[in-house]
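# The amino acid sequence is not available; the structure is as follows:
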């Protein structure tokens with residue numbers, strides 16, 4: 001009588017359960033990382049919009065005259081602002097023409113007298129905030 005011993009190949013039930021648990025843990029970890037990535041993927045867009053808005057406002061301010069050309073101070077609307085200092089302390093209330101998606105941003109402007117070495121200057125700071133994102137730009141306007 002001849003007995004041939006054949007080895008069966010395959011997986012046992014315990015090996016299969018361990019495999020499923022390990023794969024499940026791996027997939028859960030990958031999904032958690034993807035969830036975190038997708039949740040914060042809008043942050044660069046918010047930052048970029050805030051920077052573009054701050055840059056636009058800064059450019060508008062720096063294009064105005066250093067000193068008040070008509071001698072009348074305290075202009076109240078953007079249409080009548082004729083010098084850099086007219087923007088001091090202004091906020092969203094002045095910028096009524098912002099598109100709907102930019103109206104969620106908070107704008108703050110500060111203009112103070114300063115010097116650059118021996119040259120008189122006005123330091124302009126524009127801060128744009130949305131939620132936890134805040135962008136601040138600072139520039140100097142001199143009388144040239």
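Yep, that arrived. Keep in mind the model is a prediction, meaning the values are calculated, not measured.
# Point out where the protein drops to low pLDDT.
Low-confidence segments of the chain (pLDDT under 70): 1-6, 40-42.
# Kindly recompute the last result at 90.
1-12, 35-49, 67-82, 91-104, 115-119, 130-134, 143-144 (pLDDT under 90).
# Spell out which residues make up each domain of it.
12-41, 43-142 (automatic domain parsing).
# Deepest-packed of those, please.
Highest mean neighbour count among the domains of the chain (mean count of other Cβ atoms under 10 Å): domain 43-142, with a mean of 14. Every residue, glycine included, has its C-beta placed from N, CA and C.
# Show the end-to-end separation of that one, please.
End-to-end span of domain 43-142 (Cα to Cα, to the nearest Å): 35 Å.
# Which secondary structure element is home to the residue most central in space within the chain?
For the chain, the residue nearest the mean C-alpha position is residue 47 (1.7 Å; Cα atoms, centre = their mean). Per DSSP states H and E, residue 47 falls inside helix 43-62.
# Tell me the helices and strands packed up against that helix.
strand 106-116, strand 119-130, strand 133-142 (3 or more Cβ pairs under 8 Å, 6 or more residues apart in numbering; DSSP states H and E).
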